[in-house]
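K.L.:
any chance you could fold what I've pasted below:
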Amino acid sequence: MLVVEHVTDLKTPPADRPTIFTTTWCGYCRRLKSQLDRAGVAYDEVNIEQVPEAADLVAKVNDGNETVPTVWFADGSTLTNPSAGQVQAKLA
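P.N.:
Numbering: from 1, shown residues only. This next block holds a predicted model:
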């Protein structure tokens, strides 16, 4: 897992791993990250409270809501509050 504190490009997602947009207080985020860690799934983590551009992206894909966890994939698609199984299926 790579924790990103400054994002320079939110136009193009990483090609080799998903990005999980989170907050520190989000229990669903902690659960998803823990499950992906146990499954050996690599991802980047971006805290939307520390990276305003990330909060804007999350709101854009969630009808104006800063809903986390939101997962951003290499093809540009997103899943909001997915299960670890949904993330793994999307990566397969």
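K.L.:
can you show me the helices along the protein?
P.N.:
Assigned by DSSP state H, the helices in the chain fall at 27-39, 52-61, 84-91.
K.L.:
now tabulate those in JSON lines and tack on distance to Gly76 and mean pLDDT.
P.N.:
Where you see a C-beta, it was placed from the backbone N, CA and C, and this is true even at glycine. Converted to JSON lines, those look like this (distance: least, Cβ to Cβ, whole Å; pLDDT from 0 to 100):
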{"stretch": "helix 27-39", "distance to Gly76": "20", "mean pLDDT": "97"}
{"stretch": "helix 52-61", "distance to Gly76": "10", "mean pLDDT": "94"}
{"stretch": "helix 84-91", "distance to Gly76": "12", "mean pLDDT": "97"}
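K.L.:
I'd like the ones you listed as TSV, with mean neighbour count appended.
P.N.:
Below are the helices of the chain laid out as TSV (neighbours: other Cβ atoms under 10 Å):
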stretch	mean neighbour count
helix 27-39	15
helix 52-61	17
helix 84-91	15
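K.L.:
with distance to Val46 added, can I get those helices in TSV?
P.N.:
Converted to TSV, the helices of the chain look like this (distance: least, Cβ to Cβ, whole Å):
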stretch	distance to Val46
helix 27-39	11
helix 52-61	5
helix 84-91	15
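K.L.:
may I ask you to confirm that Val41 is in contact with Val87?
P.N.:
Yes. Taking contacts as Cβ atoms under 8 Å, Val41 lies within contact range of Val87: 6.7 Å.
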